[in-house]
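1. With the input below, show me the fold.
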Amino acid sequence: MDETLAGRLKQLFPQASGVSRKDWLARGRVTVNGNVVRDGRTAVSSKDRVALGDETVTRVPLSRQLRLVHEDAYLLVIEKPADVLTIATESERQRTVYRMVWDYLAAARPPTRPLIVHRLDLQTSGLLVLAKSTEAKRNLQAQFAGRSVIRGYHAVVEGIVKADTGVLEDKIVQTSALRVRRAGNDESGRTAITRYRVRDRRATATALDITIGTGRRHQIRVQLAAAGHPIVGDAAYGAATDPIKRVCLHATTLGFLHPGDGAPVRFESPVPRGFARVGRRVDDTARNVPSSDERGPDASRNRVGSAPMRRGGSGTARRSDGTGKS
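-> Predicted coordinates:
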């Protein structure tokens, strides 16, 4: 009796996930009687010889401006540098994540087009997930809308944050000029929740690990600035210093349920090297004194006081025993 090629692959490679098997098909690694077959619905008989070989398609490399963290039949996870747009604007249409990934996938066999799931600000670097199908996009965006996606960031902010952990909860609004700010007392706004944990206190700055409970545009930048600690390099939100010529905000962690099989997946991106020297005394930098970023998670932290971040105007700030996940 005939069966499908997908069913035969499952029998031959029971240890492999369904996502992996579909990826093998998409990449042209599966042959039937020596011929490449990419459709898992293809009927095969007991006499047909099914084999898994090396990838048969020579891939056009992804732009060097991006780092490919993960790719399978459903999605890609890439690392975006600062000063590269996620999608095009009227003034810039070529130097974008979307355009670079489009070129990469268009050269694949079969060709695929990327679908944007979420965005990072121009000035923010770090992890982005892009879908390869409408179904995968809908699945992932539903997880983002349901706030079940784990989204972790690392930031270096101006000043010394005294509380070891905290939660910033505000109403924020976007103006007609697309500038984001905290809502006034007579404005409704949309709730933004940002959780932070101090990783390292330095001479003039503090390194924070951050998770967000909501995904509002510019929320981390707006809320930290409103708390009296703008992100280093973020002149748009009041930063007075810019030692490494970029906003010191990086998306380090991305976790979600895979749209292919529902299994939890998690991706990590290291903190940019330049962040480690921001806010240090000149003599510490000259001696190459390591930060807790470099010493690892077991390094002791210099804890100074326990007061929460300074707040002004409307909005609330409350302490938390941990950063939590959202």
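
2. Next, give phi and psi for the residue lying closest to residue 241 once chain neighbours are set aside.
-> With Cβ to Cβ, 6 or more residues apart in numbering as the criterion, residue 241 has its nearest non-adjacent residue at 5.6 Å, and that residue is residue 232. All C-beta atoms are positioned from the backbone trio N, CA, C, and that covers glycine. Per-residue torsions, residue 232: phi -60, psi 130 (degrees, to the nearest 10).

3. Mind listing what's buried along stretch 126-138?
-> By neighbour count on 16 or more other Cβ atoms under 10 Å, the buried set for stretch 126-138 is 126, 127, 128, 129, 130, 131, 132, 136, 137.

4. let me fix that: stretch 240-248
-> Buried-residue list, stretch 240-248, by 16+ other Cβ under 10 Å: 241, 243, 244, 246, 247, 248.

5. One more: stretch 101-109?
-> Applying a neighbour-count criterion of 16+ other Cβ under 10 Å, one finds 101, 102, 104, 105, 108 buried in stretch 101-109.

6. For beta bridges, what are the partners of residue 35?
-> Beta-bridge pairing of residue 35 under DSSP bridges involves residue 32.

7. Do you know the pLDDT at it?
-> Looking at residue 35, its pLDDT stands at 87.

8. And for residue 172?
-> Predicted confidence (pLDDT) at residue 172: the value is 89.

9. and it, which of the three is it?
-> With DSSP: H, G, I helix; E, B strand; the rest coil as the basis, residue 172 sits in strand.

10. now do residue 199
-> Put simply, residue 199 is strand when judged by three-state DSSP.

11. how far away is it from residue 261?
-> For residue 199, the distance to residue 261 equals 34 Å [Cβ to Cβ, to the nearest Å].

12. Which of the two has more residues huddled nearby?
-> With neighbours defined as other Cβ atoms under 10 Å, residue 199 and residue 261 compare such that residue 199 has more, 21 against 13.

13. For the stretch 51-200 of the chain, just list every one of the strands.
-> Using DSSP state E, counting those that start in this stretch, the strands of the stretch 51-200 of the chain run over residues 67-71, 75-80, 115-116, 125-131, 150-158, 165-174, 180-182, 190-201.

14. Let's have those strands in a markdown table, adding distance to residue 52.
-> As requested, the strands of the stretch 51-200 of the chain are exported to a markdown table (distance: least, Cβ to Cβ, whole Å):
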| stretch | distance to residue 52 |
| --- | --- |
| strand 67-71 | 18 |
| strand 75-80 | 22 |
| strand 115-116 | 28 |
| strand 125-131 | 26 |
| strand 150-158 | 33 |
| strand 165-174 | 48 |
| strand 180-182 | 50 |
| strand 190-201 | 44 |
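
15. so which of these comes closest to residue 274?
-> When those are compared by Cβ to Cβ, strand 150-158 sits nearest residue 274, at 9.5 Å.
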